[in-house]
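Participant: Pasting the sequence and the predicted model now:
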Amino acid sequence: MSAVRVLSWPVLVAAACAPCLMADAVPVRGLHLLTPKPADVPLLVRFIKEALPKEGVNTLVLEIDYNYQFKSHPEVAEPDSLSHDDVAALVSAARSAGVRLIPQINLLGHQSWDKTTYGLLRSHPEFDETPGKYPDNKDIYCRSYCPLHPGVHKVVFDLIDEMEDAFQADAFHAGMDEVFILADEDCPRCRGRRTSELFANEVRAIHDHLAESHRQMWMWGDRLIDGAVSGAGKWEGSYNQTAPAIDQIPRDIVIGDWHYDSAVPGAAYFAMHGFSVVSCSWRKTEVALAQVEQLRTLRAHANPEVAGRVMGLLHTTWGNAGDFMRCYFGEPPANPGVADSVKCFRAAFASLRDSGQ
């Protein structure tokens with residue numbers, strides 16, 4: 001990894017001195033976007049500089065995955081990926097706007113979508129947890145890589161390091177949500193293992209690698225919630241016995257607690273387990289506002305240890321980033337779901353501003 005000077009988040013905030021960043025505001029008021037197309041990078045630069053300070057956003061999680069022109073492993077890069085110059089423009093815009101920019105590669109699961117297998121397993125099929133199974137990804141949600149393959153971490157860690165350096169980032173989002181394929185019966189390394197053990201070990205491996213360069217790990221929290229006991233279901237919670245991993249991973253990881261159809265009180269759950277946590281909204285305004293109210297109540301009335309770990313809100317978009325930004329700036333979207341997410345985003349952050357949060 002090349003030597004870079006990583007500016008800490010408090011330094012960036014102090015340097016920006018944006019009026020919306022009040023001393024008593026929650027630490028994280030964030031937005032999650034998927035990777036824009038290179039043609040939309042100028043639009044994202046404008047969005048970072050104009051929209052994010054206006055809404056009070058101070059954190060942008062940008063899910064890059066393999067949509068970057070990696071030099072360490074060019075074979076994993078998707079077509080039409082961002083260049084180093086594209087990323088440099090985003091870094092400059094974020095710094096000028098006082099926005100903490102956190103890149104993401106979705107690790108372990110989400111290595112495919114529909115019939116498309118993404119760059120890591122497309123170029124390194126030997127890393128697949130289920131090699132030779134599910135042609136064209138039929139009958140599965142998403143592929144996973146095998147966390148016990150002896151060569152997988154060398155590649156994954158190279159990608160993390162290169163991306164972190166390019167983004168001059170002090171944190172990395174590892175994703176790790178919706179991992180349904182793990183400890184597959186046909187995997188010669190993982191079969192017979194407990195899914196909670198495999199999941200916890202992979203979290204620790206990524207965390208410990210990031211710790212070597214003093215970078216913070218973020219991840220989604222759904223695999224750490226018992227889906228049946230909590231009522232969160234199989235998407236926002238786990239039905240494949242990964243939930244016990246919550247007691248086996250480092251407590252300095254920031255958890256993104258996403259719930260989109262009802263305001264499951266996951267923020268309290270994770271905070272009481274010792275984790276810093278951000279609640280995550282998407283497109284249902286009533287759910288987002290309920291999450292903000294939970295956030296407000298916990299920070300005001302929970303004991304100081306728990307209250308201090310409830311860090312704020314991260315609004316997710318789950319669609320084309322260009323479509324979301326164009327809709328925000330007033331263009332009618334082709335997909336009504338985009339408009340719903342923009343509406344939800346505006347309402348949630350208006351509530352945060354109105355409450356002094």
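Facilitator: The structure has been received and is ready for your questions. None of these values were measured; they are calculated from a predicted model.
Participant: all helices for the stretch 51-200 of the chain, in order.
Facilitator: Counting by DSSP state H, counting those that start in this stretch, the stretch 51-200 of the chain has helices at residues 52-55, 84-97, 119-123, 152-167, 195-212.
Participant: need the ones you listed in CSV with distance to residue 40, mean neighbour count and mean pLDDT, can you?
Facilitator: (Each C-beta comes from the backbone N, C-alpha and C, glycine too.) As requested, the helices of the stretch 51-200 of the chain are arranged in CSV below (distance: least, CB to CB, whole Å; neighbours: other CB atoms under 10 Å; pLDDT from 0 to 100):
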stretch, distance to residue 40, mean neighbour count, mean pLDDT
helix 52-55, 16, 19, 98
helix 84-97, 10, 18, 98
helix 119-123, 20, 21, 98
helix 152-167, 17, 20, 98
helix 195-212, 29, 20, 98
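Participant: Which parts of the chain are strands?
Facilitator: 28-34, 59-63, 100-107, 112-113, 116-117, 171-175, 216-220, 254-258, 276-281, 310-316 (DSSP state E).
Participant: can you list these in TSV and add distance to residue 190 and mean neighbour count?
Facilitator: Formatted as TSV, the strands of the chain follow (distance: least, CB to CB, whole Å; neighbours: other CB atoms under 10 Å):
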stretch	distance to residue 190	mean neighbour count
strand 28-34	29	23
strand 59-63	26	24
strand 100-107	16	24
strand 112-113	18	17
strand 116-117	19	14
strand 171-175	19	23
strand 216-220	20	23
strand 254-258	24	25
strand 276-281	29	27
strand 310-316	29	25
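Participant: Can you add mean pLDDT and distance to residue 194 and give these back as CSV?
Facilitator: Listed next are those as CSV, based on pLDDT from 0 to 100; distance: least, CB to CB, whole Å:
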stretch, mean pLDDT, distance to residue 194
strand 28-34, 98, 30
strand 59-63, 98, 29
strand 100-107, 98, 19
strand 112-113, 98, 24
strand 116-117, 98, 27
strand 171-175, 98, 20
strand 216-220, 98, 19
strand 254-258, 98, 21
strand 276-281, 98, 25
strand 310-316, 98, 30
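Participant: Nearest to residue 322 among those would be which one?
Facilitator: In terms of CB to CB, the element of the strands of the chain nearest to residue 322 is strand 28-34, at 9.6 Å.
Participant: Name the surrounding residues that touch that closest one.
Facilitator: 44, 52, 56-63, 104, 256, 278, 280, 311-321, 324, 345, 349, 352, 357 (CB atoms under 8 Å, 6 or more residues apart in numbering).
Participant: Let's see that with 6 Å instead.
Facilitator: Strand 28-34 has contacts (CB atoms under 6 Å, 6 or more residues apart in numbering) with 56-63, 278, 311-312, 314-317, 321, 352.
Participant: Provide the strand pairings for that strand, with the direction of each partner.
Facilitator: strand 59-63 (parallel), strand 310-316 (parallel) (DSSP bridges).
Participant: export it as CSV, just CAs?
Facilitator: These are the backbone C-alpha positions of strand 28-34, laid out as CSV (Å, rounded to 0.1, in the frame of the first residue of the first chain):
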residue,chain,number,x,y,z
VAL,A,28,-23.3,10.8,11.1
ARG,A,29,-25.8,12.3,8.6
GLY,A,30,-25.1,10.2,5.6
LEU,A,31,-26.1,9.1,2.1
HIS,A,32,-25.2,5.9,0.3
LEU,A,33,-25.0,5.9,-3.5
LEU,A,34,-24.1,3.2,-6.0
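Participant: returning to that earlier point: format the helices of the stretch 51-200 of the chain as JSON lines; extra columns: distance to residue 273.
Facilitator: JSON lines is the format used below for these (distance: least, CB to CB, whole Å):
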{"stretch": "helix 52-55", "distance to residue 273": "30"}
{"stretch": "helix 84-97", "distance to residue 273": "31"}
{"stretch": "helix 119-123", "distance to residue 273": "30"}
{"stretch": "helix 152-167", "distance to residue 273": "25"}
{"stretch": "helix 195-212", "distance to residue 273": "13"}
